[in-house]
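I need the structure of the sequence given here:
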Amino acid sequence: MPLTPTTAQHLDARLANEQAQQRLPSITASLLRGGEVVWSGAAGTVDARADGVAATPDTQYRIGSITKTMVAVGVMRLVADGHVRLTDAIRTHLPELDPAFDGVSLTALLTQSSGLYAETLGPWWERSPGVGWADLLPSIRLAHDPGRRFHYSNVGFAVLGRLLEVVRDRPWFDVLADELFAPLSMTRTSYDAVAPSAPGLAVHPLTDQVHDEPSQDTGAMAPAGQIWSTSDDLCRWGAFVQGGDDRVLPDDLRRAMHVPSVVDDTPGRPWTRAYGLGLDVVNRDGVRYIGHGGSMPGFQAAVRVDTRTGDGVAVLTNSTTGPGGDLVGDLLDLVQQHDPRPAAAWHTDPASADAARLAGHWHWGPRRYDLRTTPGGGLELSLAGGSGVWSRFDAAADGTWTGRDDYWAGETLRPFGDGERPAYLDLGSFRLTRDPYDPDADIPGGVEDVGWHS
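Modelled structure (predicted):
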């Protein structure tokens with residue numbers, strides 16, 4: 001659904017204001033609505049000169065660590081193909097690593113909980129000519145016990161890129177180009193810059209001057225931040241990560257990437273960011289977004305998509321300092337403010353017929369829960385009043401239901417009793433009964449004969 005001209009004008013103005021106020025040479029952005037690109041804009045010139053070449057949504061910028069999300073999907077494809085398991089120790093596949101890495105799983109590497117040092121030994125890799133894998137090996141070291149804490153590691157994703165190369169027997173970027181970018185029509189995503197592109201620049205904090213930043217082929221560290229792309233292509237990427245495409249990754253593995261695994265704990269601040277399998281998971285006022293930020297010398301980038309609606313934003317700029325505040329959030333807010341999405345009309349749902357026989361009030365001991373149907377034939381369990389522990393459940397072929405999220409994720413809900421109205425439910429050994437301590441239900445420990453009394 002296209003945006004109104006007024007909404008597009010507000011977005012254009014917000015982007016132009018950001019370019020001017022933050023003194024960015026150029027900036028581009030694209031916006032997703034329901035998984036479709038509905039607006040793209042640009043402001044400034046690529047060399048920061050008044051008579052320079054104007055940036056457009058087709059201008060390429062370096063995307064930095066957003067590269068990691070793409071490498072992560074490449075690794076998940078190895079899982080889908082049966083070549084690796086997430087529980088595998090990385091040294092199973094890369095035996096040249098130190099024996100200490102016997103305790104570092106693929107999951108730990110993907111969730112930034114591997115314990116690896118963040119950066120390499122020697123010169124800063126982002127500003128230095130890249131080295132080969134053999135030269136990188138001394139930099140692959142443990143700073144923390146694996147799996148114990150969030151510790152962002154660029155080196156860890158260099159290791160995952162090497163895993164892709166070893167298993168697929170070809171360069172990691174070639175794997176991503178064929179298996180990810182081609183089916184998603186990301187034709188402006190490349191290893192090196194392809195014109196039209198923007199140079200990396202730093203802006204002096206006190207004068208209206210710029211400084212050229214180095215643009216290196218980062219070699220073995222490239223899986224941590226090498227790739228170039230456009231805002232439209234990044235929106236296509238965000239739409240896939242949120243909405244899926246079976247040609248690229250099975251839905252169960254893609255959704256598994258969204259699950260917050262490790263919290264980024266910043267002292268003195270509320271928890272708003274976690275890390276899934278290669279993805280940032282951001283909690284913004286209760287709304288969950290997936291995506292990633294990225295930076296390289298002279299560049300800043302971000303892509304963020306609402307997991308529920310598919311609304312999202314991609315932003316790219318050729319400035320080392322980048323935008324200020326929360327530009328991505330502001331662009332999303334402007335759309336909601338000036339072009340609110342109408343709620344979908346409610347209709348009856350034939351798919352919920354089987355689930356309807358379980359809907360109603362259920363009790364765990366004296367505590368009441370509400371079990372209601374959801375669109376598409378699912379179930380949702382919540383504490384009466386709409387708060388407390390809850391989960392959604394999907395129907396299984398054997399008549400049971402499997403928890404999708406929260407406390408009961410992966411657990412089984414099993415109805416017992418004849419007819420259309422089951423007498424009780426077994427939920428991971430908990431008994432849910434129609435009435436508190438219903439004597440007609442099977443309750444572990446039994447029900448005393450005296451029953452309720454005063």
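
could you say which helix or strand holds Phe240?
Per DSSP states H and E, Phe240 falls inside helix 231-243.

buried set for that helix?
231-243 (16 or more other Cβ atoms under 10 Å). From N, CA and C alone the C-beta is placed, and that goes for glycine too.

hmm, who's touching the helix or strand just after it?
Past helix 231-243, further along toward the C-terminus, the next helix or strand under DSSP H and E is helix 251-256. Applying Cβ atoms under 8 Å, 6 or more residues apart in numbering, the contact partners of helix 251-256 are 73, 76, 79-80, 241, 244, 276-277.

repeat that for stretch 366-381.
When contacts are defined by Cβ under 8 Å, 6+ apart, stretch 366-381 is touched by residues 349, 351-356, 358-363, 382-384, 386, 390-395, 401, 404, 408, 413, 427, 432, 436-437.

let's see it at 6 Å
Applying Cβ atoms under 6 Å, 6 or more residues apart in numbering, the set of residues contacting stretch 366-381 from outside is 349, 351-352, 355-356, 358-359, 361-362, 382-384, 390-394, 436.

make a PyMOL selection of the buried ones in the contacts of helix 251-256.
Restricted to buried positions by 16+ other Cβ under 10 Å, the PyMOL selection for those reads:
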select buried, resi 73+76+79+241+244+276+277
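
got a markdown table for the contacts of helix 251-256, with distance to Asp264 too?
Conversion of the contacts of helix 251-256 to a markdown table gives the following (distance: Cβ to Cβ, whole Å):
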| residue | distance to Asp264 |
| --- | --- |
| Val73 | 21 |
| Met76 | 21 |
| Val79 | 24 |
| Ala80 | 28 |
| Val241 | 19 |
| Gly244 | 26 |
| Gly276 | 12 |
| Leu277 | 15 |
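
so which of the contacts of helix 251-256 is the closest to Ile140?
When these are ranked by distance to Ile140 (Cβ to Cβ), Leu277 comes first, at 20.3 Å.

and the pLDDT at the closest one?
pLDDT, Leu277: 98.

likewise for the one 4 residues further on?
Model confidence at Val281, given as pLDDT, is 97.

Three-state assignment for it, please.
Counting by DSSP: H, G, I helix; E, B strand; the rest coil, the backbone at Val281 sits in strand.

need the contact list for it.
By Cβ under 6 Å, 6+ apart, the neighbours of Val281 are 260, 274, 290.

check the gap between it and His347 for me.
32 Å (Cβ to Cβ, to the nearest Å).

then Gly329?
For Gly329 relative to His347 (Cβ to Cβ), the value is 33 Å.

who has more neighbours, those two?
Set Gly329 next to His347 and count neighbours by other Cβ atoms under 10 Å: Gly329 wins out with 16 against 7.

tell me the phi and psi of that one?
Here is the backbone geometry of Gly329 (degrees, to the nearest 10): phi -60, psi -40.

name the nearest residue to Ser215, sequence neighbours excluded.
Gly200 (5.7 Å; Cβ to Cβ, 6 or more residues apart in numbering).

so that neighbour makes contact with Asp212?
No. With contacts counted by Cβ atoms under 6 Å, Gly200 stays clear of Asp212, the gap being 7.3 Å.

what about those two, which has more around it?
Neighbour totals were compared for Gly200 and Asp212, and Gly200 leads with 20 against 12 (other Cβ under 10 Å).

pop out the phi and psi values for the more buried one.
Here Gly200 shows phi and psi, under degrees, to the nearest 10, equal to phi -80, psi 130.

and it, what does it touch?
213, 215, 297-299, 318.

ok, and the most crowded of these?
Busiest of those [other Cβ under 10 Å] is Asn318, holding 32 neighbours.

quick revisit: per-residue pLDDT, the residue nearest to Ser215?
pLDDT, Gly200: 98.

repeat that for Gly388.
65.

for Leu3, same thing?
pLDDT recorded at Leu3 is 90.

just the element for it, please.
Using DSSP H and E, no helix or strand contains Leu3.

burial of it, as a residue count?
When neighbours are counted by other Cβ under 10 Å, Leu3 registers 18.

can you name the residues that contact it?
38-39, 339.

in stretch 81-101, what's buried?
84, 86, 88-91, 93-94, 97, 101.

what separates that stretch from the chain centre, distance-wise?
Distance, stretch centre to chain centre, for stretch 81-101: 24 Å (Cα atoms, centre = their mean, to the nearest Å).

I'd like the mean pLDDT over that stretch, please.
Mean predicted confidence for stretch 81-101 is 97.

dump the residue contacts of Ala314.
30, 231, 234-235, 303.
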